[in-house]
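K.L.:
Based on what follows, work out the 3D shape:
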Amino acid sequence: SFMPHLTHHPLPLHRTLFAPLAPLQPLHPLDPLEPLHAQASQRTASVWTGPGAIQGRAPTPLAPQRHSSHLLPLFSSGFDTEFVPLEHQQPQQQGRQEPAGPVPAQTPGGVDQKPFNVETITTDVNAPNPAIFFQQQFPFFGNEFFNSFGGFGFGAAQEPWWKGPNVCTEKEEDETVASATETDETVDTFGQERDGVSSVVRSPLFGQFQFSVNSCAEKPNKHVCTKIVNQNGKKKTLTLTRQCCYGYGRPRNADFTTPCEKIDIKDVEATASDMGAKEFLESARSAGELAEMLGGGNGKKVTLFVPNDAAFVEYRSKQQQQDNANAKAEASKPSIYKLHAVLGEVQLEDVQNEKLLQTELPDQMIRINSYQLPAALGLEPYRYAANCVPIEKHDKLSEQALVHTLGGVLKPVTKNVMDIIRARADMSIMRTVLEKTNLSAMLESDRPVTIFVPTDAAFDKLEPHLRRALKEGRGCASNILKNHLLDLTFCSLATVPGAKTTAYNLLGEALLLNRTHLDKNQTGPAPIYINNLAKVIDADIMGTNGVLHVIDTILPTESALPMTSLMTQKNLTLFQQLLDASGYADQFDDLNNVTIFAPTDKALQGTEWARLLKEQPEVLNKNQDLLEFLNYHVVKPMIKTCDLTEQSLPTVSGSSVRLNLYSTHALFSDVMNRATVNCARLVHFDDESCGSVLHQVDRPLAPPKNNMLKLLEANPNYSKFLELVRKANLTQLLSNDSRSFTLLVPKNDVFEELTESTEGSKPADPMSLVKTHIVEDVVCCAGIIPTNWPFVRSIESISGQHLRITRDRRPKIENAGVTKCDVVATNGILHEINDIIVVRPPRNQQRPQLIPPGAGYQPQGDFDVFF
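P.N.:
The predicted structure follows:
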């Protein structure tokens, strides 16, 4: 009974939501609700309005529910899609009359059968009143909702301009067949599940209702709302467009409530003169083409793109000079005037980016591009271009045409971008490379494209090897070219002095474009730099499928550099010099889909190869041992660190390397963030180069020659441990290449000290002692980190004992410090230690006692001492 009081001012779209429940049959807590059958709708549910929900009336109760029928009939048998504007759905405000629009038809049961379904909610306003902005986003709240908060600063909501005077409405309908995806099972934002045309609605426990809002897009002079109805596989879309009537308009960047006001409409020539563009139309009149440009008097709407006076005077002066030099040019020249005229009224705010407009000159199009600018610049939110010529002023209505002014003169465009490159004598190398890499096909297609073309002189700046690889179209040539390509039309207009503009090339990498400020004594356009490296020396050369900009330097990218060049850039000079000295640098650059583990310069210093490189470089040329050393650092395929797993990988030399992963997090021991290859730690990684990747390691890699047993036999300092291995009959285990171990080996002097200190005591069991020093896992020193209680780490020996590992000055395993790390064998690694490992007995961790223990109690372990 209290619910009608909540709707003293009924909410505009919720008029039946709080209908009294008294006439309904009693609901029992455990009785299941009868399901509702609904038709598929678009992404949201719907609201139905009862006839009693009109201002001044109390809500009308719903009809009693019958067990043989559904609570809410959702659709009528006919496909009626009468559009109900927002102002007809909302309660009227003070001072406004009731609109004389049709009232939605109701069913006999009192329920509206035409749900208002939408796809999106978008609103574009310019600093409106908060209540107005919120009401646009959530119109179902209505103005009464905000008026009830008068003391909180909302105040009375104001009328938007499209509800005011001088607004004309246009209605469009479009009926299509619903796609298969639109009849799939969906779940809306209120948790109601819909399952196609024959769906069953399972509503929340405390009520059964649908919900809908308007899909409206706001523009300075246009307000567009959409209604979508989906019934029996048919989808009908109704679009209601409100805009200022002819002869009326709103100032640009006007407030949300500023109404449409009458504007002064003049003759087209007077309008162009006011916009600073009279010379072009006067010239067209003198040439006898102005009347044809304006549609020949047939009453059709026309849009003119008129060059401003300064641009047209400059163009006419250059043309006169060319005509004087070539007397035959005038007869074959196409009409420059018709190129600037388009049939139809083209408002730039309604034109999509990359839109092609057919001009009155046959086979000539105008490509419209728009670029959004950040609000922080304080400029217009969008910049527009026609064939990359800046549109300075736009959407000015005249008696004969809609007028836009240009910062230049449009010229006939007859060639695609690739044909322009072929016609330029200073782009012969670029033409060759594009054709050899088959990227020329992209520049000949109809899809929009932008290319930054380096001149032949720019190629001369490259190092010889890279220049040769590019000219031959091999190696990284295609990647380097893709660094110069965009899959859109990028005009120089998009760059603003003092602001950095980012565009993404075909590699997905960012190109940073910066237009500098001109000095006071400089004239002409401000220069544009790309990545602070290449300068645009000729911009906005327009083709039928995009635009071309000429640059003076090739744009490098790490992912397109040859491997040797990338090594030089990453300061891996010794490894790169070994490649050059061996004579195999070109072969390395031609490798594809490989992973290279390159030692740092610090790691190679002091090696035999570094000494020979300095003292006898001639002996390294075609040296097979050096080639094997270099090839052992190359693994197939390409593996980035995110794809690393613990495994053995074959190298180009034929031997394998072992990859291991470790965690350096004390708490999150399962998070692997450190990688080793043959226990050499990766210190820098994931530098891509033309389908390959470069990782840096902290020591050179060498293929192991011996297994564990042979390592023990080859080192006389390990003879006593080897003797214990033989006594324990474990020689076969340590020579098994199918398993991987970590062997902890005390030197002979450790056993000699132990013999002196334990003389006369019972000797230890050889089998138990040796097994305590063998771990069936590869534990490199790089994987041992400092740990403290309670984050203690351990490894398990093959005897089943857990050995605590940590790091102080050096890695430590139980009581033994590691004096020599990571001796690599074919079946694992060997660590030399300075003590025999003695495993601590397990501590007797008792529950803490609240009553002091009795006499004779001795504390055991840290926990007992603490408590």
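K.L.:
Show me what counts as buried in whichever strand or helix holds Val770.
P.N.:
Per DSSP states H and E: Val770 is located in helix 766-772. For helix 766-772, a neighbour-count test (16 or more other Cβ atoms under 10 Å) marks Pro766, Leu769, Val770, Lys771, Thr772 as buried. For glycine as for every other residue, the C-beta is placed from the backbone atoms N, C-alpha and C.
K.L.:
just curious, which of those is nearest to Met275?
P.N.:
For the buried residues of helix 766-772, the minimum distance to Met275 (Cβ to Cβ) is 92.4 Å, reached by Thr772.
K.L.:
what's the pLDDT at that closest one?
P.N.:
Predicted confidence (pLDDT) at Thr772: the value is 94.
K.L.:
Thought Ser797 was touching it, still the case?
P.N.:
Yes: when contacts are counted by Cβ atoms under 8 Å, Thr772 is listed as touching Ser797 (5.1 Å).
K.L.:
still on that earlier bit, identify the farthest-apart pair in the buried residues of helix 766-772.
P.N.:
The distance between the two most remote of those (Cβ to Cβ) is 10.9 Å, for Pro766 and Thr772.
K.L.:
Packing partners of whatever helix or strand Ser273 lives in?
P.N.:
Per DSSP H and E, Ser273 falls inside helix 268-274. The helices and strands touching helix 268-274, judged by 3 or more Cβ pairs under 8 Å, 6 or more residues apart in numbering; DSSP states H and E, are helix 278-286, strand 302-307, strand 402-406.
K.L.:
repeat that for 6 Å
P.N.:
helix 278-286 (3 or more Cβ pairs under 6 Å, 6 or more residues apart in numbering; DSSP states H and E).
K.L.:
How about residues contacting the helix it packs on?
P.N.:
Here helix 278-286 makes contact (Cβ atoms under 6 Å, 6 or more residues apart in numbering) with Glu269, Ala272, Leu290, Val306, Pro307, Asp309, Phe312, Tyr337.
K.L.:
In contact with the last one, which residues?
P.N.:
Applying Cβ under 6 Å, 6+ apart, we find Tyr337 in contact with Ala284, Glu289, Met293.
K.L.:
any idea how far Pro307 is from it?
P.N.:
11 Å (Cβ to Cβ, to the nearest Å).
K.L.:
same check, this time on the third one
P.N.:
When distances are taken as Cβ to Cβ, Leu290 and Pro307 turn out to be 14 Å apart.
K.L.:
Between those two, tell me which one has more neighbours.
P.N.:
Of the pair Leu290 and Pro307, Pro307 is the one with more neighbours under other Cβ atoms under 10 Å, namely 27 against 20.
K.L.:
I'd say that one and His404 touch.
P.N.:
No: counting by Cβ atoms under 6 Å, Pro307 stays clear of His404, with 10.4 Å between them.
K.L.:
Helices along the stretch 401-550 of the chain, start to end?
P.N.:
Along the stretch 401-550 of the chain, counting by DSSP state H, counting those that start in this stretch, helices occupy 417-423, 428-436, 440-444, 456-459, 464-472, 477-482.
K.L.:
which one of these is the most hemmed in?
P.N.:
Mean neighbours per residue, mean count of other Cβ atoms under 10 Å, is largest over the helices of the stretch 401-550 of the chain for helix 477-482, with a mean of 23.
K.L.:
Can I get that helix in CSV? Just the C-alpha atoms.
P.N.:
Extracted in CSV, the C-alpha atoms of helix 477-482 (Å, rounded to 0.1, in the frame of the first residue of the first chain):
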residue,chain,number,x,y,z
ALA,A,477,63.5,-5.0,-46.2
SER,A,478,59.7,-5.5,-45.8
ASN,A,479,59.8,-4.6,-42.1
ILE,A,480,61.7,-1.4,-42.9
LEU,A,481,59.2,-0.4,-45.5
LYS,A,482,56.2,-1.2,-43.2
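K.L.:
That one - what's its average pLDDT?
P.N.:
Average pLDDT, helix 477-482: 86.
K.L.:
just stretch 422-430 next, same as before
P.N.:
In the prediction, stretch 422-430 has an average pLDDT of 94.
K.L.:
just to revisit the earlier point, out of the contacts of helix 278-286, which is nearest to Val635?
P.N.:
For the contacts of helix 278-286, the nearest to Val635 is Pro307 (61.1 Å; Cβ to Cβ).
K.L.:
Could I get the contacting residues of the closest one?
P.N.:
Contacts of Pro307 by Cβ under 6 Å, 6+ apart are Phe280, Leu406, Val409.
K.L.:
Show me what the helix or strand hosting Leu724 is packed up against.
P.N.:
Using DSSP H and E, the element containing Leu724 is helix 719-727. Counting contacts by 3+ Cβ pairs under 6 Å, 6+ apart, helix 719-727 packs against helix 766-772.
K.L.:
if we look at the helix it packs on, which residues are touching it?
P.N.:
Leu724, Val725, Lys727, Ala728, Leu730, Ser797, Ile798, Ser799, Gln801, Ile837.
K.L.:
switch to 7 Å and redo it
P.N.:
Leu724, Val725, Lys727, Ala728, Leu730, Ser797, Ile798, Ser799, Gln801, Ile837, Val839 (Cβ atoms under 7 Å, 6 or more residues apart in numbering).
K.L.:
swap in stretch 519-530?
P.N.:
452, 492, 495, 497, 511, 513-518, 535-536, 539, 551, 555.
K.L.:
Going by distance to Val779, which of the contacts of Tyr337 wins?
P.N.:
Within the contacts of Tyr337, the smallest distance to Val779 is 83.1 Å, found for Met293 (Cβ to Cβ).
K.L.:
Tell me, how many residues neighbour that closest one?
P.N.:
25.
K.L.:
And for it, nearest residue in space, chain neighbours not counted?
P.N.:
Setting aside the residues directly before and after it, Met293 is nearest to Ala341 in space (Cβ to Cβ, 6 or more residues apart in numbering), at 4.2 Å.
K.L.:
what sits opposite the one you found in the beta ladder?
P.N.:
With DSSP bridges applied, Ala341 shows beta-bridge pairing to Leu304.
K.L.:
Could you do Ile528 as well?
P.N.:
Applying DSSP bridges, one finds that Ile528 bridges with Arg515.
K.L.:
how about CSV for the buried residues of helix 766-772, with distance to Asp363 added?
P.N.:
Output for the buried residues of helix 766-772, formatted as CSV (distance: Cβ to Cβ, whole Å):
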residue, distance to Asp363
Pro766, 95
Leu769, 92
Val770, 89
Lys771, 87
Thr772, 88
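K.L.:
quick check, nearest of the residues you listed to His665?
P.N.:
Nearest to His665 out of the buried residues of helix 766-772 is Thr772 (Cβ to Cβ; 28.0 Å).
K.L.:
What separation is there between that closest one and Glu753?
P.N.:
18 Å.
K.L.:
what does Val779 give?
P.N.:
From Val779 to Glu753 the distance is 26 Å (Cβ to Cβ).
K.L.:
what's the answer for Asn717, then?
P.N.:
Using Cβ to Cβ, Asn717 is found at 14 Å from Glu753.
K.L.:
Over to Asn505?
P.N.:
From Asn505 across to Glu753, the span is 67 Å (Cβ to Cβ).
K.L.:
Could you check which of those two is surrounded by more residues?
P.N.:
Asn505 (20 against 13).
K.L.:
Do I have it right that the more buried one meets Lys482?
P.N.:
Yes: Asn505 is within contact range of Lys482, at 6.2 Å (criterion: Cβ atoms under 7 Å).
K.L.:
if we can go back for a sec, name the residues of the helix holding Leu724 that are buried.
P.N.:
Buried residues in helix 719-727, counted by 16+ other Cβ under 10 Å: Lys720, Phe721, Leu722, Leu724, Val725.
K.L.:
Contacts only, for the second one.
P.N.:
Read that as Phe721. Taking Cβ under 7 Å, 6+ apart as the test, what Phe721 contacts is Leu712, Val745, Pro746.
K.L.:
10 Å - rerun?
P.N.:
712, 715, 743-748, 750-751, 769-770, 773, 836 (Cβ atoms under 10 Å, 6 or more residues apart in numbering).
K.L.:
Any idea how many residues pack against Asp552?
P.N.:
Every residue meeting other Cβ under 10 Å relative to Asp552 is counted, giving 15.
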